[in-house]
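Novice: missing the sequence, but the structure's below:
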């Protein structure tokens, strides 16, 4: 076995001893744990209590949180697969909550798309198993400490940008460009500084130069997509699609491309990207699939109730016989999507199914009442409102619109005295509710 270069040994030793750094592992590979514990730590001669190994993501996250709270740096070593399932959701949660934690991913997969996905999440280093002890130490050292003068200059420029010191950040980026002409990282730092200064066109030029210098590098494309978001949908979509070609496993970006096509009224292309997003999510975790499908349905609910109906139905279908009270939100949204299309009978059937899962749910009963009202079945609508109020006597006070809709239903069912009571509650909750005022005037005129 070739010896590990002394520099890597010393960097890792400094991290674990001088800085009181901590190693958190999420893995089900006992051989790898043994390699790390008995060979690496013993070879470095560091304390053995600097490592904790977990097979449950929640425990690993809590460990990271606890050590960072004590101001100790943390390096997380995580297997890409845990018990045969991807750990991408864990990595996203980790980088989202604890950006300062360093992450080293252990994988047996080296596909371009898979590696691009990991780097997009924000992992600091990737190693392919099986791995030699020397390579493991080198990868760990690389994850915790930037190697070389350029990396240190980049970190300093980023720190200055966080402080809003664009002048010094630009000076550093220019220094990097002298050392390494056309450096994409330096050009992006320059672009970031220009964005902060409000010089959008100059920033775009810097980002484009960074992209031209490294066409397969994701970060310049992300910067370009970000700067066009909300300003120019055509350019935004152009860069999103470029990113998708290089890194096709990014589920949220697939969804975003679909949403842009929805805004452009191109539902066929939107569905293609939404479908690919769901396939990606299914590879990762069932909870992530729910999140993605729900996001898709919500994003199209106004532009295309029919498409929203399709995705809400898909969410319920995926649950099979495992529906719970937690799924009532989906049932209600599906019902709303159906009602928007005039499918009040289908909406009622949907609500009836929901009530078999959660009998007496007041929101489901209320929405079923609205669906009956859509079909001019006012007596049945009132019956639903009565059941909702038996379940929760204060339900009509949820919002002024709820009280008004009930008042309107009672009025149409020719129960004007009760209608007046609910109209008054609507005005109590919202004194400026115009429709409630109008209804109350009608009721008083008819009494």
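Specialist: On my side now, so go ahead. Predicted model only: the values in this text are computed from it and were never measured.
Novice: In the protein, what helix or strand scores lowest on average pLDDT?
Specialist: Between all helices and strands in the chain, the lowest mean by mean pLDDT, DSSP states H and E belongs to helix 41-44, at a mean of 78.
Novice: partner strands of the following helix or strand past that helix, parallel or antiparallel?
Specialist: Going down the chain from helix 41-44, the next helix or strand is strand 51-54, by DSSP states H and E. Partners of strand 51-54 in the sheet, by DSSP bridges, are strand 22-26 (parallel).
Novice: chain center to the partner strand: distance?
Specialist: Centroid displacement of strand 22-26 relative to its chain, using CA atoms, centre = their mean, to the nearest Å, is 24 Å.
Novice: Now the element after that strand, going C-ward?
Specialist: helix 30-34.
Novice: give me the number of residues near residue 180?
Specialist: 12 (other CB atoms under 10 Å). C-betas here are computed from N, CA, C, even on glycine.
Novice: The spatially closest residue to it that is not a sequence neighbour: what's it in contact with?
Specialist: Once flanking residues are discounted, residue 180 sits nearest to residue 150: 6.5 Å by CB to CB, 6 or more residues apart in numbering. Neighbouring residues of residue 150 by CB atoms under 8 Å, 6 or more residues apart in numbering: 176, 179, 180, 183.
Novice: got the contact list for the last one?
Specialist: Right, the one you point to is residue 183. By CB under 8 Å, 6+ apart, the neighbours of residue 183 are 150, 176, 177, 213.
Novice: Tell me how far the first one lies from residue 427.
Specialist: Computed with CB to CB, to the nearest Å, the distance linking residue 150 and residue 427 is 67 Å.
Novice: related to what we said a few turns ago, dump the contacts of residue 183 into TSV; add secondary structure, pLDDT and distance to residue 80 as well.
Specialist: Listed next are these as TSV, based on DSSP: H, G, I helix; E, B strand; the rest coil; pLDDT from 0 to 100; distance: CB to CB, whole Å:
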residue	secondary structure	pLDDT	distance to residue 80
150	helix	78	29
176	helix	90	32
177	helix	90	36
213	helix	83	30
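Novice: what's the pLDDT at residue 118?
Specialist: pLDDT recorded at residue 118 is 85.
Novice: same check, this time on residue 48
Specialist: On the pLDDT scale, residue 48 is placed at 69.
Novice: cool, and residue 259?
Specialist: 95.
Novice: I'd like the numbering to begin with 3 instead of 1 from here.
Specialist: All right, first residue 3 from here; so that's residue 261.
Novice: correct me, but it touches residue 272?
Specialist: Yes - Residue 261 lies in contact with residue 272 (CB atoms under 8 Å); the separation is 7.4 Å.
Novice: So if I had to pick from the two, which one is more boxed in?
Specialist: Per other CB under 10 Å, whichever of residue 261 and residue 272 has more neighbours is residue 272, with 25 against 18.
Novice: Quick check: chain neighbours aside, which residue is closest to that one?
Specialist: residue 263 (3.8 Å).
Novice: Tell me which helix or strand the one you found sits in.
Specialist: Short version, using DSSP H and E: residue 263 is in helix 253-265.
Novice: Determine which residue lies closest to the centroid of this structure.
Specialist: residue 254 (6.9 Å; CA atoms, centre = their mean).
Novice: if I pick that residue, what's in contact with it?
Specialist: 279, 294.
Novice: so where's the stretch 153-302 of the chain shaky on pLDDT?
Specialist: 287-290 (pLDDT under 70).
Novice: try the stretch 303-449 of the chain
Specialist: In the predicted model of the stretch 303-449 of the chain, residues 449 satisfy pLDDT under 70.
Novice: can you map out the helices along it?
Specialist: Under the criterion DSSP state H, counting those that start in this stretch, helices of the stretch 303-449 of the chain are mapped to 307-321, 330-342, 346-359, 364-376, 380-393, 402-414, 418-431, 436-448.
Novice: ok, residue 124 - contacts?
Specialist: Here residue 124 is in contact with 93, 97, 101, 105 (CB under 8 Å, 6+ apart).
Novice: Could you spell out the sheet neighbours of the host helix or strand of the last one, each with its direction?
Specialist: Per DSSP H and E: residue 105 is located in strand 104-109. Taking DSSP bridges as the criterion, strand 104-109 forms sheet pairs with strand 76-81 (parallel), strand 127-130 (parallel).
Novice: Figure out which of the ones you listed is closest to residue 412.
Specialist: Ranking the strands paired with strand 104-109 by proximity to residue 412 (CB to CB) places strand 76-81 first, at 58.4 Å.
Novice: quick one: contacts of that closest one?
Specialist: For strand 76-81, using CB under 8 Å, 6+ apart, the contacting residues are 17, 23-31, 34, 38, 62, 66, 69-70, 89, 92-93, 96, 100, 102-109, 142, 145-146.
Novice: Which of these are buried? Put it as a ChimeraX command.
Specialist: This is the ChimeraX syntax for the buried subset of the contacts of strand 76-81, where burial follows 16 or more other CB atoms under 10 Å:
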select :17,23,24,25,26,27,28,29,31,34,38,62,66,69,70,89,92,93,96,100,103,104,105,106,107,108,109,142,145,146
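Novice: Sort the contacts of residue 124 by pLDDT and name the bottom one.
Specialist: Lowest pLDDT among the contacts of residue 124: residue 101, 86.
Novice: number of nearby residues for that one?
Specialist: 8.
Novice: Roughly how far does it sit from residue 255?
Specialist: Residue 101 is 20 Å from residue 255, by CB to CB.
Novice: cool, residue 323 as well?
Specialist: As for residue 323, its distance to residue 255 is 33 Å (criterion: CB to CB).
Novice: Which one of the two is surrounded by more residues?
Specialist: Neighbours were tallied for residue 323 and for residue 255 using other CB under 10 Å; the higher tally belongs to residue 255 (21 against 4).
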